[in-house]
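Novice: Compute the structure for the input listed below.
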Amino acid sequence: MIRPYPEPFTTPDPQAVAGSRIVDFARRVGVDGTDYAALHRWSVTDLTGFWGALWEYFDVDADTPYERVLAEETMPGARWFPGATLNYAHHALRNLPSDGPAIIALDETGTGYEVTGERLRAQVASVAATLRDLGVEAGDRVVGYLPNTPHAIVAFLAAASLGAVWSVCGQDYAPQAAADRFAQLEPTVLIAADGYLFNGTTHDRRDAALELAGALPTLKATLLVDHVGLPWPSRVYPSLVVPWEDASTRTEELACTPVPFDHPLWVVFSSGTTGLPKGIVHGHGGVLLEHLKTLGLHSDLGPGDRLLWYTTTHWMMWNLVASTLLTGATTCTYDGSPAPLANLDILWKLAARHRVTVFGTSPQYLLGMAKFGIDPSGHDLSSVRVVGCTGSALPASAYPWVRDHVGERVLLASISGGTDVVSGFAGSAPNTPVWAGELSAPHLGVSLAAYDPEGFPVVDQVGELVVTRPMPSMPLYFWNDVDGRRYHDAYFSTYPGVWRHGDWITVTGHGSVTVHGRSDSTLNRNGVRLGSADIHDVVERLPEVSEALVIGAEEPDGGYWMPLFVVPAAGVPLDDTLREKIRDAIRSGASPRHVPDEILEVPGIPHTRTGKKLEVPVKRLLQGASVEQVVNPAAVDEPDLIDYYVRLGAERRDRSV
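Specialist: Below you'll find the predicted structure:
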């Protein structure tokens, strides 16, 4: 018997669809904008037509014209818009209102300030002139050790305006962890803040900033930012020091250097769970077009809109937060905890106060709000039309909560993408239905499929997430990967000429996408595969569970051990009653074949610093691999947990001897 496909959780609001930019774009290219599937089909079958039309629609301002849209389609190695010269910073600054806010700076205390478009342009021009005086030229690297404040955006745009290459990480990174990233780039200038706020505490990072500067021997200068009001000490610095106040208050004319379409814009780093983090290089033009598409069409952002997306500077979502300016919309920066104990719903308060139209967060945040009993509807959220959610799969249980507590007409846009393309592969748009627990559709221009092990596309079956045709924001290269071998092996070694991302997904018959977790952490019991995210979804819905991690470990004797590690909610014991409740939830909500062998209480679940559970490293540690083989503790949010899982694995192996 063939089961009917589920009805959508929500369907597009006809009035919102009619007034959306994605429908206006579709009208311009002669496609029915109410039929997202038709628009997407055209966008991936006619790459030249789609990306060329996007260039025209957003009026990309090139100093020299392109010769053709796509000169070479081979992956890796696709060549986009050869001949074109442009500058990302020019496009970020050209459409901003002079006297209206371009950036609204917020923090967990609820205070903030605005940076007008005129003021932003002036600050960028001033910092760019300072960098130029310090010897920064096109291709040089400028790095930031900064929290999510306007300083980071100003510094990035100033570097980009010169054709310099930008990279940034948050100040919760230890100096050595930051140096593991930045030293690879041999930067010319470091820009560092005195500290940041988190959960009611001001974190002093002055000594950390100076230690980082000392670990970067190529520096010509360090710009010191006064953010939290801590005076910089008088001492001998490892390089020339320039106060941010001096660097950003000069009266200068902004002149953006035209660079080739594929000139490096920034380097973003992988989580770096093993060895040195790999530097992923993206170009001016590819990021410009991809972010105009994602923010302008999928999120429907434009002049008058405001985006507030919780992120740190070392997560790729910060790059999208900065790119909000490309659309002429206002972006909000936020320094602090997403849910400080003294003010758990501060982000919702700020969204209401500043009339935010796109609110971005993570599944963990929404699930946490539900567990804490927070009701955002107590604030006036009538301006919010999109709640974006990314970082991991958003479970179906969160959808009714958002509808009931944020707004029934809000588009809940669950998104899956990656630092690798600094954008999304699949998500939603104003003209897509939404199914609970599913991503509405592949993004425009993304030729997405699920492949079986033989490399054939499958529908309504779990397969590998692949992209079969190039995207402009695919990496130019990895830093210091001279022959391109690491880049090739990362994405193209499994299916030649096809991008394999490393996620298990299902492409459904009604066009949506379900994400099951990383393919290298798939549970495979007796040949039956299940994504770890499917187990986590079910277990973490239980109010007695704070967080969970399941792994499937192959054993030397041919056995298969599948434990579930659980962090109970505060004050809740993990007793036999709760264990049986968890097993019942997995049987009924995920798979009776994947009930874990053991349910073990643990003090915590380790994550990367961007919030992803360390499933594969934990699995390999339990199998006996050394820490050095599988994980860099500096890349872990709670490094002490690594030792815990090492001991746990050793104890289990001792018992089996």
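
Novice: The lengthiest strand in the chain packs against which elements?
Specialist: When the chain is parsed with DSSP state E, its longest strand is strand 499-507. Other elements packing on strand 499-507 under the criterion 3 or more C-beta pairs under 8 Å, 6 or more residues apart in numbering; DSSP states H and E are strand 416-418, strand 448-451, strand 462-467, helix 485-491, strand 513-518. Glycine gets a C-beta too; all of them are placed from N, C-alpha and C.

Novice: Any chance of TSV for these, columns mean neighbour count and mean pLDDT?
Specialist: Shown next, in TSV, are these (neighbours: other C-beta atoms under 10 Å; pLDDT from 0 to 100):
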stretch	mean neighbour count	mean pLDDT
strand 416-418	21	92
strand 448-451	21	96
strand 462-467	22	93
helix 485-491	16	94
strand 513-518	23	83
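
Novice: Pipe the ones you listed into CSV and attach distance to D32 per row.
Specialist: CSV is the format used below for these (distance: least, C-beta to C-beta, whole Å):
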stretch, distance to D32
strand 416-418, 26
strand 448-451, 21
strand 462-467, 25
helix 485-491, 34
strand 513-518, 22
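
Novice: And these: which comes nearest R181?
Specialist: helix 485-491 (15.8 Å; C-beta to C-beta).

Novice: Need the nearest residue in space to D226, chain neighbours excluded.
Specialist: Leaving aside its chain neighbours, D226 sits nearest to D194 (5.8 Å; criterion: C-beta to C-beta, 6 or more residues apart in numbering).

Novice: My guess is that neighbour contacts D204. True?
Specialist: Yes. In this structure, D194 is within contact of D204 by C-beta atoms under 8 Å, at 7.2 Å.

Novice: okay, the helix or strand containing A159 in PDB with CA atoms only?
Specialist: Mapping A159 onto the secondary structure by DSSP states H and E places it in helix 150-161. Taking Å, rounded to 0.1, in the frame of the first residue of the first chain, the C-alpha atoms of helix 150-161 are listed here in PDB:
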ATOM      1  CA  PRO A 150      29.600  46.500  14.300                       C
ATOM      2  CA  HIS A 151      33.400  46.700  14.700                       C
ATOM      3  CA  ALA A 152      33.600  43.300  13.000                       C
ATOM      4  CA  ILE A 153      31.400  44.300  10.000                       C
ATOM      5  CA  VAL A 154      33.300  47.600   9.600                       C
ATOM      6  CA  ALA A 155      36.700  45.900   9.700                       C
ATOM      7  CA  PHE A 156      35.500  43.200   7.200                       C
ATOM      8  CA  LEU A 157      34.200  45.800   4.700                       C
ATOM      9  CA  ALA A 158      37.300  47.900   5.000                       C
ATOM     10  CA  ALA A 159      39.500  45.000   4.200                       C
ATOM     11  CA  ALA A 160      37.200  43.800   1.400                       C
ATOM     12  CA  SER A 161      37.200  47.300  -0.100                       C
END
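
Novice: what do D194 and D204 both touch?
Specialist: The contact sets of D194 and D204 overlap at 228, 230 (C-beta atoms under 8 Å, 6 or more residues apart in numbering).

Novice: So which of those two has more stuff around it?
Specialist: Neighbour totals were compared for D194 and D204, and D194 leads with 21 against 14 (other C-beta atoms under 10 Å).

Novice: how about low-confidence regions in the stretch 151-300 of the chain?
Specialist: Across the stretch 151-300 of the chain, residues meeting the criterion (pLDDT under 70) sit at 236, 271-275.

Novice: which residue ranges form the helices in it?
Specialist: For the stretch 151-300 of the chain, the helices defined by DSSP state H, counting those that start in this stretch cover 175-185, 206-214, 244-248, 284-291.

Novice: The longest strand of the chain - which strands sit beside it in the sheet, and in what orientation?
Specialist: In the sheet, strand 499-507 lines up against strand 462-467 (antiparallel), strand 513-518 (antiparallel) (DSSP bridges).

Novice: Tell me, what's the model's pLDDT at E580?
Specialist: Confidence at E580, expressed as pLDDT, is 95.

Novice: Number of residues surrounding it?
Specialist: When neighbours are counted by other C-beta under 10 Å, E580 comes out with 11.

Novice: is it true that it lies in a strand?
Specialist: No. According to DSSP: H, G, I helix; E, B strand; the rest coil, E580 belongs to no strand; its state is helix.

Novice: how much space between it and L289?
Specialist: 53 Å (C-beta to C-beta, to the nearest Å).

Novice: same deal with R181?
Specialist: 26 Å.

Novice: So which of these two has more stuff around it?
Specialist: Neighbours per residue (other C-beta under 10 Å) separate R181 from L289, with R181 holding more: 26 against 23.

Novice: show me the contacts for the more buried one.
Specialist: Neighbouring residues of R181 by C-beta under 8 Å, 6+ apart: 167, 169, 269, 272, 276-277, 279.

Novice: between those, which is closest to E554?
Specialist: Checking the contacts of R181 against E554 by C-beta to C-beta gives G272 as the nearest, at 25.4 Å.

Novice: where are the low-confidence patches of the stretch 551-657 of the chain?
Specialist: For the stretch 551-657 of the chain, applying pLDDT under 70 flags the ranges 556-559, 656-657.

Novice: before we move on, the earlier item: wait, which of the helices and strands packed on strand 499-507 is closest to W435?
Specialist: Across those, W435 has its closest neighbour in strand 513-518 (8.8 Å, C-beta to C-beta).

Novice: got a list of contacts for the closest one?
Specialist: Under the contact criterion C-beta under 8 Å, 6+ apart, strand 513-518 has outside partners 392-393, 416, 425-426, 437-442, 448, 462, 465, 502-508, 522, 530-534, 536, 615-616.

Novice: Would you show me how to pick out the buried ones of the residues you listed in PyMOL?
Specialist: Buried residues among the contacts of strand 513-518 (16 or more other C-beta atoms under 10 Å), as a PyMOL selection:
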select buried, resi 392+393+416+425+426+437+438+439+440+441+442+448+462+465+502+503+504+505+506+507+508+522+530+531+532+533+534+536+615+616
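
Novice: returning to that earlier point: closest to S161 out of the helices of the stretch 151-300 of the chain?
Specialist: That would be helix 284-291 among the helices of the stretch 151-300 of the chain, by C-beta to C-beta, at 10.8 Å.
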